[in-house]
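*Asks:* sequence first, predicted model second:
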Amino acid sequence: MAKQYDVLFRLLLIGDSGVGKTCLLCRFTDNEFHSSHISTIGVDFKMKTIEVDGIKVRIQIWDTAGQERYQTITKQYYRRAQGIFLVYDISSERSYQHIMKWVSDVDEYAPEGVQKILIGNKADEEQKRQVGREQGQQPWLIDALIPFEQNAKLGLRGKSWLKSTAWTSMKQVPAPTSTLKSPSRA
Ligand SMILES: Nc1nc2c(ncn2[C@@H]2O[C@H](COP(=O)(O)OP(=O)(O)OP(=O)(O)O)[C@@H](O)[C@H]2O)c(=O)[nH]1
């Protein structure tokens, strides 16, 4: 029987409740968008196999609850992640400020050297933008952060977003000049 995949990647989505983690995942795996916000309880995951340069890559993406009350559970999933997507909402300054807290959780619970990717989601909400593009491009604090914006609603970047980041262009990004205030989690 033909081998179903050559490599497996375990990736994790983290960020405040409501930033659109579940929607990003649904867009990527099923090309769907749901306008309702049904908070994730604990963790959930989806899988998808794609081909990158002739290599069959199976991606297992864990979607975590952003709500504080599930943090004890969700942190247990950091340990086995090979890549972590830190998601904020470009129309929520607060969700961007909280990224610092998410980063410190990653530093504490994820394996050393895990790849971190910063996603500014809801890129279609330009008129409500509270986080400037340049803010999202600042690789403050993190030594290997790949920043970009994404639109789960319209699916602009759609299927190529992981392909173009997680394994093909993981590289060091020049470092830190913090423009962020200290995080204050709700
Ligand atoms: N306009 C717009 N809305 C979005 C986008 N992505 C998600 N949303 C909306 O944002 C809300 C929250 O999305 P979810 O994916 O459920 O958020 P989440 O981060 O998984 O939330 P928790 O499970 O509570 O942590 C929903 O009403 C979505 O429809 C986007 O790219 N654009």
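*Replies:* Nice, thanks for sending it over.

*Asks:* and this structure, which of its residues are near the ligand?
*Replies:* Neighbours of the ligand within the chain, by CB under 6 Å from any ligand atom: 17-23, 34-37, 39-40, 65-67, 121-122, 124-125, 151-153. Just so you know, the C-beta spots here come from the backbone N, C-alpha and C atoms, and that holds for glycine as well.

*Asks:* just the residues you listed: which are in strands?
*Replies:* The members of the residues of the chain next to the ligand that map onto strands under DSSP state E are Asn121.

*Asks:* list only buried entries from the residues of the chain next to the ligand.
*Replies:* 17, 19-23, 40, 65-67, 121-122, 124, 151-153 (16 or more other CB atoms under 10 Å).

*Asks:* could you double-check that Asn31 lies in contact with Ala152?
*Replies:* No: using CB atoms under 8 Å, Asn31 makes no contact with Ala152, being 10.8 Å away.

*Asks:* what does the pLDDT read for the closest residue to Ile38 other than its chain neighbours?
*Replies:* Spatial nearest neighbour of Ile38, chain neighbours left out: Thr22 (7.7 Å); criterion: CB to CB, 6 or more residues apart in numbering. pLDDT recorded at Thr22 is 97.

*Asks:* mind listing the helices for this structure?
*Replies:* 21-30, 71-74, 93-97, 99-109, 133-136, 160-162 (DSSP state H).

*Asks:* sorry, back to before: contacting residues for the residue nearest to Ile38?
*Replies:* Listed by CB atoms under 8 Å, 6 or more residues apart in numbering, the contact partners of Thr22 are 34, 38, 40, 44, 63.

*Asks:* ok, it to Asp6 distance?
*Replies:* For Thr22, the distance to Asp6 equals 28 Å [CB to CB, to the nearest Å].
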